[in-house]
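Enquirer: what follows is a predicted protein model with its sequence.
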Amino acid sequence: MSVSIGIDVGGTFTDIVLVDVQGNAVAGKVLSTPSDQGEGVEQALRAHAPSAERVNRIVHGTTVVTNLLLERSGARMVLCATRGATDLLELRRQDRASLYDLSMHHPPALVAPSDVVAADERVAPEGVVRELTAAHAAEVAQMVAERRPDIVAIALLHAFAFADHERLLATHVRARLPGVDVVCSSDVLPEIREYERTATTCCEAYARPRVARYLSGLTGRLRALGMPAPGVVSSSGGIVPADRAAEAAASLALSGPAGGVSGAALVARLAGFDDALSIDIGGTSADVGLILHGEPLVEAGGEVAGIPIALPRVLVETVSAGGGSIGWIDDGGALRVGPRSAGSVPGPVAFGRGGTQPTVTDAHVVLGNISASRISANLSLDVHGARQAIQELAGPLGASAERTAQAMIATADAAMARALRRVSVERGVDPRRCVLVAFGGAGPLHACGLADALDMRRILIPPHAGVLSALGLAVAPARRSATRSMMRASTAISDERLRRTVAELAATCDLAPGRHLAAVARMRFQGQGHEMEIPFDPAEGIDGLVRQFRHRHFGRYGFVLSVDPVVVSVRATVSDDALPVALARTHGIGWDPLTASDDGGPSDARVVGRATIALPNATLLVADGWTARALPIGGWLVEKEG
Amino acid sequence: MNETREFDPLALSVVGHAVSMVAEEMGTLLERGALSPNIRERRDASCALFDAHGRMIAQAAHIPVHLGAMPESVRAVRECQPRAGDVYLLNDPFRGGSHLPDLTLVEAIGADDGTVIGFAAVRAHHADVGGMSPGSMPQGATELMQEGIVIPPIRVAGADGWIADVLALVLANVRTPEERRGDLEAQRAACAAGRDGWRALRARLGAARLVEACDALLDYTERRARATIRRLDGASGSARDQLEGDGVSESDIVVAVAIAAHGDCLRIDFTGTAPAVAGNVNCPLAVTRAACVFALRTMLEDDVPTNDGIARAIDLIVPHGCAINAVWPSAVAAGNVEMSQRITDTLFAAFADAGVVVPAQGQGTMNNITFGGAGWTFYETLGGGQGASMCGDGPSAVHVGMSNTRNTPIESLELAYPLRIDEYAIRRQSGGGGKHRGGDGVVRRYRVLEPCTVTLLTERRRHAPAGAYGGFPGQPGRNLLNGVPIPAKCRMLLQPGDVVTVETPGGGGWGQAAG
């Protein structure tokens, strides 16, 4: 009986979920090991995995790239750029870091100005304007070598359309520096806009050596256990084999959060929902995602630690609001919550670990939403301390502790609701037709408040809510994608060319029987600057694609233009089916009506708000006007009455 | 929800998030749907929501020059007594506008019973609105009428859609009518999003409570602005600075200001500023107010909601008919972009004179550059050095003061226009020295491939951005044609192969360097 394993490394815990062929899921946790995440992964496997021969595959979500970007601890690299355009990373897009804080700086670039080498060459839309000669390429390689880089990035102007100069330069650099890897922008991101392409290419180079070391170390550890080489989930939610992931390092920057949204999508599908908004609320922040037609929304763009990475990624927006967010009164007399957080240390006042400032969790304690027994076996809640801290906050406002606690929760909800609305409305999705999937330690507490603020009528509280990312990883499909720049008016693209482009891209992604091909075109009207991502069927030809685009543009903006659309690029994604999994309530003692606790066992309970339900790692608050039903797959469906 | 009459201070942040969210959605729709690079890439646009009394409740500002300037537009539209669902268009600088390229749409939001319950306003800088030169940012204009079509508040759409003949009249007076149509469509879509969001908010809160919430939000912002002013502790100071000519003559144009914090009110008096000039660096009062609101806004916490409450804490005195309170038919195209910068610079200098710790002067110009040839126009502005501050060096290559637009990617520019960028680089060592260095400017070198004209509207080419607290000034900017210096404000005919270089100013340094 073979088992698929998902392992998600977080800041505190490394979560592991095992799914067998019957679809039974088992979860566990070990402490994370920040200096080498692989150690924690190994410990998790030793503690929870079955014998090695039963392990079919291991899928890993990692924060290695995110951390090295935050800590600025990546590789020392040299960047080769077109002469006259060597300062692009410093110039950015010329907007300042803060509209009103005039001394704020953007985060520093990943390459120092002295480590940028100019290449005398120039390509323009009409073709090569200044040839890169072999002799000059050799000179550039020499200048690169003198700087003794760990890795070399090459990003030349217009390389999205014409890559020959980058290739020639790469050949010379490789010859001059055997053993040093070279990363070209035309391979990493063949798309127009030099700043975003250069920055993404540099991010790839910056992260690659460290990622390669980490993954080969991890593969070694697993081999020693007799287990298969791991797959790594990329920012776009698909699995990349470890040996290949090292060459797509920049695409791992959002590996962790992508797993969470994938897990939410899985549970939404199993519960019979197509479109969902997901929110994972932790101690200091909340991650918001969008699920359409049962799949996490993937689109290009975004920044990690101030570095733009214009690659496809599962959309995740992070807000600084969570259980540890601190309430305070500002100089205008308004109650505020966050962005400061008490984190896990010192934590909320109620946890008695030294916290003195009132947090959102304390507000829940004061209102009786959290009961002591459910937090953890060896933790007793300091209800009195929590009340006192909130009372101190309430004093100057002349309000009661209860009202202040309610207001703190409503304020945190408002910040999170704004993010939920932003990710949906910006993409033309009405949140009212979505189900809200709420998880993480504080998700089930805030779900009803958020749904009320957004006029949403259905909430899904997933089973295994504490390890949902790992569950998403365990069943994630293998997925590869490839992009090609088009930069052409739709009228200049034949049906044949469109079909051939998709077919060629699909071939580079190992399209094989049993795998699915999805094609997406990035399009805009001639003259617009923002592309829409249009899924299309190449069999319907260019007319079908244009029809789709106009339809979606009208749906989104309420108008279409008479000018021709432009196809900026085409992306093909090839994926396997997600692993089948049939979650069920099979373990534990089930529903205990006396304590209103759900241990995940068989139950058909129905709970009318206002009530709280104690879940294995969290508390579900069913608000007034809402009714919760235990789901056969585990977890709860909470619906608005009337 | 609580049923108290007095608005609950505990619920302020909640309702603040709710209205900001609506304004933000308007901004996203506009930016993504628009055609003009000015709107979509450079975000030279703003969206705001107003209550039934025309008070601005929330603004999604990408660009400070629109701060506090849009209430004038809504006031002008309210004078026309709009009915629910009417959408008005305007750009007249003396009837609610700023400069002609800024087209503003204002929708009167109706309740189900047909009463007007608020306004959604969207202002965007269009790439061309006619007038004597492509791009409608002419150099040398001396009357408003030369700068483009002048549109007083006029009903341009209703519940049934555009009013075709009004739209046709407007589009017949611009160089790129289809692009204008697209941008106006995007603006109307943004207004509609504001209308829907405002209605939904009213449905959720109830009409009475929404009114209370608006009052409370305005009072709240005002309280925070006044709390900041009170901390200035009676400070007073004054400053003078100047613009380097109006595009007609090279003479300096003086901006003078005295500021005084009286208790919790900030008095700003521009008496002594030069009278309106012949050229187009004048600006209407709305732009001057925006600069004052911006200067105060930089001293507030980042999270203060942007609404009319900030302006309430300012007592503004600007002599009628002076260059920064211009009257019809003064030309104003460059006032919005360049005079607004100088007003800000002068204000900060006055704060420094009053002993308030503020950064040294930044580049103080937007470096407006327009190329126009047969059937095409390209306009952009360039970043430069920010002044250094007590906290550290000034950022390099950014927009300072009243602008925050993004650059045009070289690759996009070269694909769309017969222009090539031979160099785009940091102008090293252009920031002023000091304990903290001013930020560096940029160098941008354009080579033209076709006969065309170039129009430059730039500043700080003679008078360098000043240092503060003993720091050195930044380098003034330079404009060059084929390596030979050309004026700060000029219009020239170019032939294929000509090279225009713009070197933008560095920011001033802060404090004396050690040793």
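Expert: Yep, that arrived.
Enquirer: give me the domain ranges for the chain.
Expert: As the question left the chain open, I've gone with chain A. Following automatic domain parsing, chain A resolves into domains at A:73-210, A:325-411, A:431-463+A:587-640, A:479-575.
Enquirer: wait, chain B was what I had in mind.
Expert: Using automatic domain parsing, chain B is parsed into the domains B:9-221, B:359-515.
Enquirer: center of chain B, which residue is that?
Expert: Nearest residue to the geometric centre of chain B (Cα atoms, centre = their mean): B:V65, 2.1 Å.
Enquirer: helix, strand or coil: sort out that one for me.
Expert: helix (DSSP: H, G, I helix; E, B strand; the rest coil).
Enquirer: now do the contacts for it.
Expert: B:S98, B:V287, B:A290, B:A291, B:F294, B:N336, B:V337, B:S340, B:M402, B:S403 (Cβ atoms under 8 Å, 6 or more residues apart in numbering or on different chains). Placement of C-beta: from N, CA and C, glycine included.
Enquirer: how about 6 Å then?
Expert: Shown in contact with B:V65 (Cβ atoms under 6 Å, 6 or more residues apart in numbering or on different chains): B:A290, B:S340, B:M402.
Enquirer: kindly report the same for A:C509.
Expert: For A:C509, counting by Cβ under 6 Å, 6+ apart, the contacting residues are A:R480, A:A482, A:V574.
Enquirer: again, only this time at 8 Å
Expert: Contacts of A:C509 by Cβ under 8 Å, 6+ apart are A:R480, A:S481, A:A482, A:A572, A:T573, A:V574.
Enquirer: show me where the stretch 201-350 of chain B has helices.
Expert: Taking DSSP state H, counting those that start in this stretch, the helices of the stretch 201-350 of chain B run over residues B:207-231, B:285-297, B:309-312, B:340-353.
Enquirer: of all these, which lies closest to B:Q139?
Expert: helix B:340-353 (16.7 Å; Cβ to Cβ).
Enquirer: quick one: that closest one near chain A?
Expert: No: Helix B:340-353 is not in contact with chain A by Cβ under 8 Å from any Cβ of the partner chain; minimum separation 9.0 Å.
Enquirer: can you name the element that comes right after that helix?
Expert: strand B:368-373 (DSSP states H and E).
Enquirer: what is whatever helix or strand comes next after that next one packed up against?
Expert: Once strand B:368-373 ends, the next helix or strand along the chain (criterion: DSSP H and E) is strand B:376-381. Applying 3 or more Cβ pairs under 8 Å, 6 or more residues apart in numbering or on different chains; DSSP states H and E, we find strand B:376-381 packed against helix B:37-40, strand B:368-373.
Enquirer: which helices and strands does the last one pack with?
Expert: Helices and strands touching strand B:368-373, by 3+ Cβ pairs under 8 Å, 6+ apart, are strand B:376-381, strand B:441-448, strand B:452-457.
Enquirer: tabulate these (a markdown table), appending distance to A:T361.
Expert: A markdown table is the format used below for the helices and strands packed on strand B:368-373 (distance: least, Cβ to Cβ, whole Å):
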| stretch | distance to A:T361 |
| --- | --- |
| strand B:376-381 | 48 |
| strand B:441-448 | 48 |
| strand B:452-457 | 56 |
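Enquirer: let me have these in TSV, extended by mean neighbour count and distance to B:A388.
Expert: What follows is these, written out as TSV (neighbours: other Cβ atoms under 10 Å in any protein chain shown; distance: least, Cβ to Cβ, whole Å):
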stretch	mean neighbour count	distance to B:A388
strand B:376-381	22	22
strand B:441-448	24	14
strand B:452-457	23	26
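Enquirer: next, format the ones you listed as CSV and append mean pLDDT.
Expert: Formatted as CSV, the helices and strands packed on strand B:368-373 follow (pLDDT from 0 to 100):
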stretch, mean pLDDT
strand B:376-381, 87
strand B:441-448, 98
strand B:452-457, 94
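Enquirer: hmm, back to that, out of the helices and strands packed on strand B:376-381, deepest packed?
Expert: helix B:37-40 (a mean of 26; mean count of other Cβ atoms under 10 Å in any protein chain shown).
Enquirer: ok, residues contacting that helix?
Expert: Under Cβ under 8 Å, 6+ apart, the answer for helix B:37-40 is A:528-530, B:30-32, B:34, B:44-45, B:101, B:124-127, B:183, B:186, B:378-380, B:405, B:408.
Enquirer: adding mean pLDDT, write the helices and strands packed on strand B:376-381 out as CSV.
Expert: Below are the helices and strands packed on strand B:376-381 laid out as CSV (pLDDT from 0 to 100):
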stretch, mean pLDDT
helix B:37-40, 75
strand B:368-373, 92
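Enquirer: for chain A, what's the longest helix?
Expert: helix A:194-224 (DSSP state H).
Enquirer: pLDDT on it, on average?
Expert: The pLDDT scores in helix A:194-224 average 95.
Enquirer: low-confidence ranges, the stretch 51-200 of chain B, go.
Expert: B:61 (pLDDT under 70).
Enquirer: on that earlier part again, buried set for the longest helix of chain A?
Expert: Applying a neighbour-count criterion of 16 or more other Cβ atoms under 10 Å in any protein chain shown, one finds A:194-212, A:214-215, A:218-219, A:221-222 buried in helix A:194-224.
Enquirer: kindly report the same for stretch A:135-153.
Expert: A:H136, A:A137, A:V140, A:A141, A:V144, A:P149, A:D150, A:I151, A:V152, A:A153.
Enquirer: which of those fall in helices?
Expert: A:H136, A:A137, A:V140, A:A141, A:V144.
Enquirer: need those residues in a markdown table with distance to chain B and pLDDT, can you?
Expert: Converted to a markdown table, those look like this (distance: Cβ to the nearest Cβ, whole Å; pLDDT from 0 to 100):
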| residue | distance to chain B | pLDDT |
| --- | --- | --- |
| A:H136 | 18 | 98 |
| A:A137 | 21 | 98 |
| A:V140 | 18 | 98 |
| A:A141 | 23 | 98 |
| A:V144 | 20 | 98 |
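Enquirer: just curious, which of those residues is nearest to B:Q242?
Expert: Of these, the one sitting nearest to B:Q242 (Cβ to Cβ) turns out to be A:V140, at 47.4 Å.
Enquirer: state the distance from the closest one to B:R40.
Expert: 36 Å (Cβ to Cβ, to the nearest Å).
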